[in-house]
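**Student:** need a 3D model of the sequence below.
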Amino acid sequence: MCSSDLNAPAGEFTSISGGYHNFCALDTDGYANCWGMRPEVNNPPREVLAALDSYDGNACGLRQDGSLLCWGDDAGVRSSVPSGSFVQVSLGARMACAVDGDGRVSCWGTDAVEPDAL
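**Tutor:** Numbers count the residues shown, from 1 in each chain. Coordinates of the predicted model:
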């Protein structure tokens with residue numbers, strides 16, 4: 001269930017993430033529920049996720065196998081998702097970063113900067 005207004009959907013949830021114009025939460029079955037003023041993110045894929053993060057019209061989730069799934073309005077965040085197995089994902093404005101099982105960080109998106117470039 002997703003809503004395009006600022007009211008959270010009914011139900012029980014295990015985690016929530018949001019920023020700027022939208023929020024996403026994982027329900028007790030592991031499905032993403034998103035709402036807010038950015039309709040691009042309000043229709044998440046119907047897949048069971050272990051974790052998620054969202055920010056300003058974009059969201060990414062960790063599948064049960066550690067692979068990443070991203071959706072929303074920024075083509076860079078959606079289309080350049082790295083392959084592999086990850087343990088955490090975090091989004092910023094037009095970019096995302098994830099930590100793999102060896103502790104390495106990978107970043108992607110329109111404004112992504114790799115950690116070793118800083």
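
**Student:** distance of the residue most central in space within the chain relative to A10?
**Tutor:** Nearest residue to the geometric centre of the chain (Cα atoms, centre = their mean): C60, 2.1 Å. Distance of C60 to A10, computed by Cβ to Cβ, to the nearest Å: 24 Å. All C-beta spots, glycine's among them, are computed from the backbone N, C-alpha and C.

**Student:** in the least confident helix or strand in the chain by mean pLDDT, what counts as buried?
**Tutor:** Scoring the helices and strands of the chain by mean pLDDT, DSSP states H and E places helix 75-79 at the bottom, with a mean of 81. Under the neighbour-count criterion of 16 or more other Cβ atoms under 10 Å, helix 75-79 has 76-78 buried.

**Student:** now stretch 13-20
**Tutor:** Those buried within stretch 13-20 under the rule 16+ other Cβ under 10 Å are 17-19.

**Student:** wait, which of those residues is closest to P82?
**Tutor:** Comparing these against P82 with Cβ to Cβ picks out S17 as the nearest, at 19.6 Å.

**Student:** is it true that the closest one touches F23?
**Tutor:** Yes - here S17 reaches F23: they are 7.0 Å apart, a contact under Cβ atoms under 8 Å.

**Student:** identify the contacts common to those two.
**Tutor:** By Cβ atoms under 8 Å, 6 or more residues apart in numbering, S17 and F23 have these common neighbours: S54.

**Student:** wait, what's in contact with the closest residue to G57 other than its chain neighbours?
**Tutor:** Spatial nearest neighbour of G57, excluding adjacent residues (Cβ to Cβ, 6 or more residues apart in numbering): R38 at 3.7 Å. Contact analysis of R38 by Cβ under 8 Å, 6+ apart lists 21-22, 56-57, 72-73.
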